[in-house]
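Participant: What shape does this take:
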Amino acid sequence: MSRRAMPTAKALTSTSYAILGLLAVKPWTTYELAKQVDQTLSRFWPRTRSKLFEEPKKLAAAGLAEATASATGRRRSTVYSITPAGRTALARWLTQESVPPLFESEHLLKVFYAENGTTEDVRATLAGLRSWVVEQSRPNVEVGSRYLAGVGAHPERLATLVLTGRFLDDYLELLDRWAAWAEEVVAQWPDDPAAAQPDLASLQATVEQARERVERAAG
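Facilitator: The predicted structure is shown next:
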């Protein structure tokens, strides 16, 4: 790659910095990075594996990571480690304004268009969401319990992990609480959602909740 074509820190994406952050923890092979992303970052920063395999190369080309050839028996691999320039770039990125959060849920999308199906379809969608929440909650119990027992990975990062872990579990709690409430509302619907009567009391409560939040921010 010519010097003119080499990417700079300005050309890096948030995904690039996500990988750079992992390299700040310890050196990894691309396979290890992908596995680590699956276990941690994918819960709030999902990306395809092909994309992840390209990021370390981009970081190395920018001088933010160093690639070192390695071999275990006949198996060859490349280990990536962060450079001083990479640590500087990572620290600088942490001071920059963040992109607003994005939310995506096919469950909610189906509820949004519920009048085109049946009330039973809505019930099945809500039940499916709650089942997913339970499955996502099991790792929170397992991983959190390991840290409480003093055997969690990278315990030196625990103060930070407590913050992100609490967010992820609060998010699951929000989804489950909302789905449980929606199930109670939908239980009163006729078979055709298009004929359902709106729950105006819940709408009023939603407006008041949003207003209180705005007023708190205004001080």
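Participant: Quick check, central residue of this structure?
Facilitator: Of all residues in the chain, the one closest to the mean position by C-alpha atoms, centre = their mean is Phe44, 0.3 Å from it.
Participant: How about the contacts made by that one?
Facilitator: With contact set as C-beta atoms under 8 Å, 6 or more residues apart in numbering, Phe44 has these partners: Thr164, Phe167, Leu168. C-beta here means a position set from N, CA and C on the backbone, and glycine is covered the same way.
Participant: out of these, which are buried?
Facilitator: Members of the contacts of Phe44 that pass the buried threshold by neighbour count (16 or more other C-beta atoms under 10 Å) are listed as Leu168.
Participant: For Ala201, state which of the contacts of Phe44 is nearest.
Facilitator: Ranked by distance to Ala201 (C-beta to C-beta), the contacts of Phe44 are led by Phe167 at 29.9 Å.
Participant: how close does the closest residue in space to that closest one that isn't next to it in sequence sit to Gln188?
Facilitator: In space, not counting the residues next to it along the chain, Phe167 is nearest to Phe44; the distance is 7.8 Å by C-beta to C-beta, 6 or more residues apart in numbering. Remark: distance between Phe44 and Gln188 (C-beta to C-beta, to the nearest Å) = 35 Å.
Participant: now do Gly152
Facilitator: The gap separating Gly152 from Gln188 is 45 Å, by C-beta to C-beta.
Participant: What residues of the helix or strand hosting Phe167 count as buried?
Facilitator: When elements are assigned from DSSP states H and E, Phe167 belongs to helix 158-186. Taking 16+ other C-beta under 10 Å as the neighbour-count basis, helix 158-186 is seen to contain the buried residues Leu161, Gly165, Leu168, Leu172, Leu175, Asp176, Ala179, Ala182, Val186.
Participant: Model confidence for the fifth one, exactly?
Facilitator: In other words, Leu175. Leu175 carries a pLDDT score of 98 in this model.
Participant: Can you report how many residues lie near Tyr205?
Facilitator: Just to correct that, residue 205 is Ala rather than Tyr. The local packing of Ala205 (other C-beta atoms under 10 Å) involves 11 other residues.
Participant: report the angle between the axes of the helix or strand where it lies and helix 158-186?
Facilitator: When secondary structure is defined by DSSP H and E, Ala205 falls within helix 200-218. Taking axes from the mean of the first three to the mean of the last three C-alpha atoms, to 10 degrees, one finds that helix 200-218 is oriented at 150 degrees with respect to helix 158-186.
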